[in-house]
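Chemist: Next comes the sequence, and after it the predicted model I'd like to discuss.
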Amino acid sequence: MSAGEPLRDERKSPDSQFGELIEKHIKEGKIVPVEITIGLLKREMDQTMAASAQKNKFLIDEFPRNQDNLQGWNKTMDGKANVSFVLFFDCNNEICIERCLQRGTSSGRNRESLEKRIQAYLQSTKPIIDLYEEMGKVKKIDASKSVDEVFDEVVKIFDKEG
């Protein structure tokens with residue numbers, strides 16, 4: 001599941017009490033407040049598990065992004081979820097920007113917001129990845145390769161890790 005998808009869905013919902021706030025944060029390349037993100041993630045996880053008890057393992061894309069996210073996750077999900085590993089797609093900034101721009105404007109991002117996002121990553125997210133790496137929980141993939149090569153590496157990791 002993507003941490004961004006429930007946020008995008010929530011910002012589009014006319015009944016959302018958080019839609020405007022989420023929209024503003026995304027356009028400015030800022031991180032949405034942790035309480036909102038975790039609440040939406042937990043709701044999706046709970047709904048998925050309620051629909052099928054077999055579906056009790058989750059890959060959460062784009063999360064945690066900063067120390068606040070990590071602390072919020074640990075506080076809310078303590079005893080409810082175990083982080084087996086972090087899947088880290090390593091790629092240079094320009095390739096990331098170009099790929100995101102190719103996805104189109106549906107995400108509300110442009111070059112400027114993506115560059116802000118990279119700065120937020122370097123300041124806030126990279127230290128979280130480093131922390132998980134110290135715990136031996138980071139599985140790194142060279143994401144500058146082709147889609148098929150990256151996919152093959154992901155499959156190998158999941159085959160090995162279960």
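Modeler: Sure, I can see it.

Chemist: Checking the residue nearest to residue 115 when sequence neighbours are not counted next. Helix, strand or coil?
Modeler: Sequence neighbours aside, residue 97 is the residue nearest to residue 115 in space, at 7.1 Å (criterion: C-beta to C-beta, 6 or more residues apart in numbering). Placement of C-beta: from N, CA and C, glycine included. Using DSSP: H, G, I helix; E, B strand; the rest coil, the structure places residue 97 in helix.

Chemist: list the contacts for residue 97?
Modeler: Residues near residue 97 by C-beta atoms under 8 Å, 6 or more residues apart in numbering: 111, 114, 115, 118.

Chemist: can you give me the helices for the chain?
Modeler: Counting by DSSP state H, the chain has helices at residues 4-12, 19-27, 34-51, 67-77, 93-102, 111-120, 126-134, 147-161.

Chemist: Check what contacts the third one and list those residues.
Modeler: Spelled out, that is helix 34-51. By C-beta under 8 Å, 6+ apart, helix 34-51 touches 1, 3, 6-7, 10, 18, 21-22, 55-56, 58, 60, 63, 68-69, 71-73, 76-77, 81.

Chemist: So residue 161 versus residue 73, what's the distance?
Modeler: 20 Å (C-beta to C-beta, to the nearest Å).

Chemist: Select from the contacts of residue 97 the one having the most neighbours.
Modeler: The member of the contacts of residue 97 surrounded by the most neighbours (other C-beta atoms under 10 Å) is residue 114, with 18 neighbours in all.

Chemist: you'd agree that residue is up against residue 27?
Modeler: No: the pair residue 114 / residue 27 is not scored as a contact, 11.6 Å apart, by C-beta atoms under 8 Å.

Chemist: any weak-confidence spans in the protein?
Modeler: Regions of the chain meeting the criterion pLDDT under 70 cover residues 104-108.
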